[in-house]
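> my questions concern the predicted model and sequence given below.
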Amino acid sequence: MKILILSTPVGTLSSGIGGGVELTIYNLIQEMQRRNHLVKVVAPKGSYLQNADIVGIEGNLHIPAQTQTRDIPTVMPQNSVLGNMWEYARQVQSDYDVLVNFAFDWLPFYLTPFFQSSIAHFISMGSLSDSLDHGMTQTAQKYPLNFGVYTKSQANTFPFANVCECLGSGIDLSLYQFRESPDKKLAWLGRIAPEKALEDAVKASEITQIPLLIFGKIQDEQYWHSIVTQHHQAPIEYKGFLSTIDLQRELGYCQALLMTPRWVEAFGNVAIEALACGVPVISYARGGPAEIIDDCKTGFLVTPDSIEGLVTAINRLPEINRHDCRRSAEQEYSLTTWGDRFELWLKRICSE
Ligand code: HBI
C-alpha cells in the first residue's frame, strides 16, 4: 500500500507535545515500512523522526483539545497548519491508497467525503468536546470502517463506540531491557499536564518517602511549578524528556510505574513500556491502563483518585513477579501483533 500519514497539529513530531501519538506514528512508520509499504508523513514544519520521510508544513499550531472545556466551538487558528496539511493532502491524494489521520480536530473528519482517497481516522484520545463528537459522529455514520481507537474504554466515551476498531498499541520490545532487581524508587512518565494528575504520584512519594523519578515533557510550566512549590519536601527528581533508550535504562531500575490519569487515558503507552522492562504498573482503574494491567499479576488497579490506594498498592509490590510483567508485554504488545491489526484495518479501508 501507499500510505500518507497526517500528524497532529498541536506540535512538531519529536517535540513531546504530541504525547503517545508521536510514539504511535513512529511505530506505524517502522512497522509498515518493514512490510514493504510506502509511507510518507505530513506534519508541522520542524518535525523530525528517525528514518521517516516527512513533509514539513508551515502554519500555526492548534490548541491542545484537552486544555479546553467540553463546550468549546470548533476553532481554526489563522493560517492553520492543519488546514495547510490537508490542502497538501488534497493535491497529492491520488498518489496514495490511503490517508491516515492522527489529528484530534474537526477538519479532517469534515473533509472525508470531499476526498477521493480513503481516509482512516486514528483517534488518539477519549471524547473531549461536544462539537468534535458531533463532527466525528457524522463522518462515522458515512464511513463506519474508518475509525480506529486504542481501547474499548476509549471508544465507549464516543457516541459512535459501536463502529470503532480497537487496535491496541505495541512497542519495539527489543529496545527495552528486562531488569530483575530494582532500586528503591518509583517512576512517573508522561506529558506533565493537569489531566495526568502528577500531583497524586508526588503525594504518594511523600507519604512512602520512596524517591519518585519523573520523566516526560513539561507541557504546562505553571502546573509543574505549582507541584514543585507545594511539595518541596517530596523526594522527587525530574529526569527530563528522554529518548526511549535512555528512558528504559532508568525505568528498569524502578520498583513500579505510577499512573494517575485524571481523564480517560485512551491507552497509556507508558504502561507497556514499563511492563517491557519488567516494571509493575500501579494505576487508577480508569481508561486504557485498566485494560492493560492484570490486577495483582502485572501491577495493581487502584480506586481512581485515591492516594491511599496508591500507597497500599506500593506496599504490596513484593507480591508481583517482574517476569510476569515482561511476559505480558511480549504476549500482548509486540509491534508485530499490533502491526498485523493495523495493516488489516488499513487494507479493509482501502478495499471498501
Ligand atoms: N489537541 N486539538 C488537538 N489536536 C490533536 O491532534 C491533539 C490534541 N491534543 C493531544 C493530542 N492530539 C495527542 O498528541 C494526544 O495523544 C496527546
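Sure thing, it's come through.
> what does the model give whatever residue of the stretch 201-350 of the chain ends up closest to the ligand for pLDDT?
Residue nearest to the ligand within the stretch 201-350 of the chain (C-beta to the nearest ligand atom): residue 266, separated by 6.9 Å. For glycine as for every other residue, the C-beta is placed from the backbone atoms N, C-alpha and C. On pLDDT, residue 266 comes in at 92.
> wait, it touches residue 290, no?
No. Counting by C-beta atoms under 8 Å, residue 266 stays clear of residue 290, with 12.0 Å between them.
> which one is residue 248 nearest to, not counting chain neighbours?
residue 176 (4.7 Å; C-beta to C-beta, 6 or more residues apart in numbering).
> for the one you found, give me its contacts.
244, 248, 252, 273, 276-277, 329 (C-beta atoms under 8 Å, 6 or more residues apart in numbering).
> let's see which of the residues you listed end up in helices.
Mapping the contacts of residue 176 onto helices (DSSP state H) picks out 244, 248, 273, 276, 329.
> can you redo the residues you listed as a markdown table with neighbour count?
Listed next are these as a markdown table, based on neighbours: other C-beta atoms under 10 Å:
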| residue | neighbour count |
| --- | --- |
| 244 | 15 |
| 248 | 21 |
| 273 | 26 |
| 276 | 26 |
| 329 | 25 |
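> make TSV from the residues you listed and add distance to residue 151 to it.
Listed next are these as TSV, based on distance: C-beta to C-beta, whole Å:
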residue	distance to residue 151
244	22
248	23
273	16
276	18
329	16
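> tell me where this protein has strands.
2-6, 38-44, 54-57, 98-101, 118-122, 147-149, 165-166, 186-189, 212-215, 236-240, 256-259, 281-284, 299-302 (DSSP state E).
> want to throw these into a markdown table with distance to the ligand, mean pLDDT and mean neighbour count?
Output for the strands of the chain, formatted as a markdown table (distance: least, C-beta to the nearest ligand atom, whole Å; pLDDT from 0 to 100; neighbours: other C-beta atoms under 10 Å):
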| stretch | distance to the ligand | mean pLDDT | mean neighbour count |
| --- | --- | --- | --- |
| strand 2-6 | 10 | 98 | 22 |
| strand 38-44 | 11 | 98 | 22 |
| strand 54-57 | 14 | 98 | 19 |
| strand 98-101 | 9 | 98 | 25 |
| strand 118-122 | 10 | 98 | 23 |
| strand 147-149 | 12 | 98 | 24 |
| strand 165-166 | 16 | 98 | 18 |
| strand 186-189 | 13 | 98 | 27 |
| strand 212-215 | 16 | 98 | 23 |
| strand 236-240 | 18 | 97 | 15 |
| strand 256-259 | 15 | 98 | 29 |
| strand 281-284 | 17 | 98 | 28 |
| strand 299-302 | 22 | 98 | 26 |
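> one step back: which ones are touching the residue nearest to the residue of the stretch 201-350 of the chain closest to the ligand when sequence neighbours are not counted?
Leaving out its chain neighbours, the residue that sits closest to residue 266 by C-beta to C-beta, 6+ apart is residue 154, at 4.2 Å. Residue 154 is in contact with 123, 125-126, 264, 266-267, 287-288, counting by C-beta under 8 Å, 6+ apart.
> ok, those residues vs residue 13, which is closest?
For the contacts of residue 154, the residue nearest residue 13 by C-beta to C-beta is residue 125; the value is 17.2 Å.
> just give the number of residues close to the closest one.
When neighbours are defined as other C-beta atoms under 10 Å, residue 125 has 23 of them.
> circling back: what would the contacts of residue 154 look like in a markdown table with distance to residue 323?
Compiled in a markdown table, the contacts of residue 154 are given as follows (distance: C-beta to C-beta, whole Å):
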| residue | distance to residue 323 |
| --- | --- |
| 123 | 34 |
| 125 | 33 |
| 126 | 32 |
| 264 | 30 |
| 266 | 28 |
| 267 | 23 |
| 287 | 26 |
| 288 | 23 |
